[in-house]
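[1] make a model of this:
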Amino acid sequence: MLNEEKKIIAICTAGINSEYIDTVLASLHSLADSFQYKLLYFNSFSNLFDFEKHDVGESNIFHLINYDLLDAVILLSETFKRDSVRDEIIEKAKLNNLPVVSIDHYIEGCFNVNFRYSNSMSEIIEHLITKHHYRRINFIAGQKGNLFSEERIEVYKKVLEKHGIPVEEERIGYGEFWGGPAEKVIRGFIESDLPMPEAIVCANDTMAIAAFKYLSEAGYRIPEDIAVTGFDGIREALEHIPSITTAKHDYYEAIACSYRILEQYFRGETPEKQHWIDSKIIYGTSCGCEEANTRVYSTLARDLYEQIDFYDHFNRLQIKMTAKLADTDSFYGVFNNLKDYAENFLVDRFWLCIVDDFLSEKKVLSDIIEEQTFKRVGYSATMNMMLAQKDGEWQGLTDFHTGSLLPRLDHILEEENNVMFLPLHVLDRSIGYVALVYDPDKVKMHHLYHFFMNISNALEATRIRQRQQALIDNLENKYVHDPMTGLFNRRGFYQRVEPVYEQCVRENMPIMVMSVDLNGLKYINDTYGHADGDIAISTVGKALSNAAPPLFTCARFGGDEYVVAGQVESKEETKEFYKNVLAFLEDFNENSEKPYQVNASIGYVTGVPNEQLTLDEFIKQADENMYKEKVRYHARGVSR
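    Coordinates of the predicted model:
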């Protein structure tokens, strides 16, 4: 717990792109101060229904929760379409002795705040029968097997039975709580051999609006020919023409009730486990009632036009941003370019945090290949805060322990009443998260969803480009280097030296070419084994690379043959290099305690090349000088 006076409450929500959740989040925000609560929102954009790779990546945000910082957890349980994710949060909260309030879904062991859906649905159907005297009433439920869907079917049947109306199963269809399937159900009603219904009761407003649309297109008048009712009280239903008769749920009271439960708990009292919230029936004209006031203008239509304008501006910005983020080869380029699009965060204060190993560049081929198969559940022990802004001012970069969620979170919560955490990922790979101070008047979750996915995709694209470049560099390195000595091979030598040679020709500058041959390699291999032969080969390579100036190119052409070349100022520079090579070998022989000596025959040539002389001719001259040295070496009586 960060604050002894004000309690820290985690709010966990999935699939936050909906009017329902926007309303609940706004209520949570507006009531928090009056209860002295500080809120930490942990939200996935997806409702986790499919739980394929994308949903797995979304769900990682719930692994971020540090229960040691909390005093309680509130779950919008019905938003989680993957029970295992929700149940894991509850289990971890209980292990930390934290109270859990579940809203809109009864869960054993939690404090539950539920709506009296059955009462409201019963009241709507009673209204159709007693007020409008309808007898042929059809019902469109949600998903088959869904708790709310089946509960509303049972209410429908009981009310019909109460009034002596026979229940005909053909008058019940499953619209899955959305428009497309609901239209198919309506088509089935029309094509049925049963008489057309006088009224159609829908288990939610979305299906009611779809039913109105399809019936109207089929030539039926609403409500003159068929009455239609909905459920949930969404804005589109209330401002629909004709207005939809529906039940509006008191989300504000549900949040107030949840806060009161926790208030009782913190006082040491024992709250009731089950709390009920009543809904209010809103009688529109779709059931046949007359509307009290004639609406001159739909505020929904006005707001929709404003949203279209905002979307147009937002989409143009996103296209520009995506292009700009793609036009960089580094992570820091991505973050620097993102600063030009800070307005897309839609808030005055935010933090963009990246897992610590995401930004690291892999240089070794085995690390690159291993990184390709890397998957992360949750987040790294340390996070990198790559962007942070407060009131238009950019904050410094830092890394921090992931368990703290943000650097100086206690100080942040002294200034703010909430922080919201949202995931950054590509498929099931965690990239990090964005934390922001939630303001319901500014934040548009569906815009943030698109924006954050664009950021994630840009970071992943940069990572892939860097990985591809690392693979290319690694393979190029192997392509031009000798694996035993680390020197260039013949191919690498010519790639490096030919441009230098051509420059020396153009600028009339001297170049040095040296030919080196390891003496007695066969003897060492035959007498002491190939492992010692490899040591001798590597030792000559080290002698050359250690003695060579930075711009020299040292190469092993194969077996016991080496070539070195580079631009020099004078012949004295070549002689100095020659002496340093011999000194290295002499030092090795004195200190290696090997039963053999590592020696080399060396020939070199220094001169100013011209267009009539090729690099190979310089090498040939150096070879001839080397062989002269080898003859002298053997003439001195050295047989090995």
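[2] a strand runs through residue 384, doesn't it?
    Yes. According to DSSP: H, G, I helix; E, B strand; the rest coil, the state of residue 384 is that of a strand.
[3] quick one: pLDDT of it?
    For residue 384, the model assigns a pLDDT of 94.
[4] number of nearby residues for it?
    19 (other Cβ atoms under 10 Å). (Each C-beta comes from the backbone N, C-alpha and C, glycine too.)
[5] now the one 5 residues further on
    The burial metric for residue 389, expressed as a neighbour count using other Cβ under 10 Å, is 18.
[6] again, but for residue 328
    Count around residue 328 with other Cβ under 10 Å applied: 17.
[7] can you tell me which residue is nearest the centre of this structure?
    residue 425 (1.0 Å; Cα atoms, centre = their mean).
[8] sheet partners, orientation included, of the host helix or strand of that one?
    For residue 425, the host element (DSSP states H and E) is strand 418-426. Looking at strand 418-426 with DSSP bridges, its partner strands are strand 37-44 (parallel), strand 429-436 (antiparallel).
[9] out of those, which comes closest to residue 286?
    Ranking the strands paired with strand 418-426 by proximity to residue 286 (Cβ to Cβ) places strand 37-44 first, at 33.8 Å.
[10] helices and strands around the following helix or strand past the closest one, which ones?
    Using DSSP H and E, the helix or strand that follows strand 37-44 in sequence is helix 53-59. With contacts taken as 3 or more Cβ pairs under 8 Å, 6 or more residues apart in numbering; DSSP states H and E, helix 53-59 sits against strand 37-44, strand 418-426.
[11] distance check, the closest residue to residue 36 other than its chain neighbours against residue 384.
    Using Cβ to Cβ, 6 or more residues apart in numbering and skipping the chain neighbours, the partner closest in space to residue 36 is residue 6 (4.8 Å). Residue 6 sits 29 Å away from residue 384, going by Cβ to Cβ, to the nearest Å.
[12] what does residue 434 give?
    In terms of Cβ to Cβ, residue 434 sits 13 Å off from residue 384.
[13] distance from stretch 154-170 to the middle of the chain?
    Chain-centre distance of stretch 154-170: 49 Å, with Cα atoms, centre = their mean, to the nearest Å.
[14] mind listing the strands for the stretch 501-640 of the chain?
    511-518, 553-558, 561-567, 600-607 (DSSP state E, counting those that start in this stretch).
[15] tabulate the helices and strands packed on helix 53-59 in TSV, adding columns for distance to residue 351.
    TSV is the format used below for the helices and strands packed on helix 53-59 (distance: least, Cβ to Cβ, whole Å):
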stretch	distance to residue 351
strand 37-44	13
strand 418-426	8
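[16] in stretch 132-151, what counts as buried?
    134, 137-143, 148-149 (16 or more other Cβ atoms under 10 Å).
[17] considering those, which is situated nearest to residue 559?
    residue 143 (74.5 Å).
[18] spatially nearest residue to the closest one, not counting backbone neighbours?
    residue 176 (5.1 Å).
[19] if I look at that neighbour, how far off is residue 209?
    14 Å.
[20] same question, residue 541
    Taken as Cβ to Cβ, the span from residue 541 to residue 209 is 78 Å.
[21] and residue 413, by the same measure?
    Taking Cβ to Cβ, one finds residue 413 at 41 Å from residue 209.
[22] in TSV: the helices and strands packed on helix 53-59, plus mean pLDDT and distance to residue 577.
    As requested, the helices and strands packed on helix 53-59 are exported to TSV (pLDDT from 0 to 100; distance: least, Cβ to Cβ, whole Å):
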stretch	mean pLDDT	distance to residue 577
strand 37-44	97	64
strand 418-426	96	51
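[23] still on that earlier bit, who touches the residue nearest to residue 143 in this structure?
    Counting by Cβ atoms under 8 Å, 6 or more residues apart in numbering, residue 176 makes contact with 142-143, 182.
[24] rewinding a little: show me the one of the strands of the stretch 501-640 of the chain that comes nearest residue 16.
    strand 553-558 (59.7 Å).
[25] follow-up on the earlier one: just the ones in helices from the contacts of residue 176, please.
    Those of the contacts of residue 176 mapping onto helices are residue 182, per DSSP state H.
[26] let's have the contacts of residue 176 in TSV, adding pLDDT and distance to residue 120.
    As requested, the contacts of residue 176 are exported to TSV (pLDDT from 0 to 100; distance: Cβ to Cβ, whole Å):
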residue	pLDDT	distance to residue 120
142	94	15
143	92	20
182	95	20
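[27] got CSV for the contacts of residue 176, with distance to residue 220 too?
    Shown next, in CSV, are those (distance: Cβ to Cβ, whole Å):
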residue, distance to residue 220
142, 23
143, 26
182, 15
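[28] overlap in contacts, residue 434 and residue 384.
    Joint contacts of residue 434 and residue 384 (Cβ under 8 Å, 6+ apart) are residue 353.
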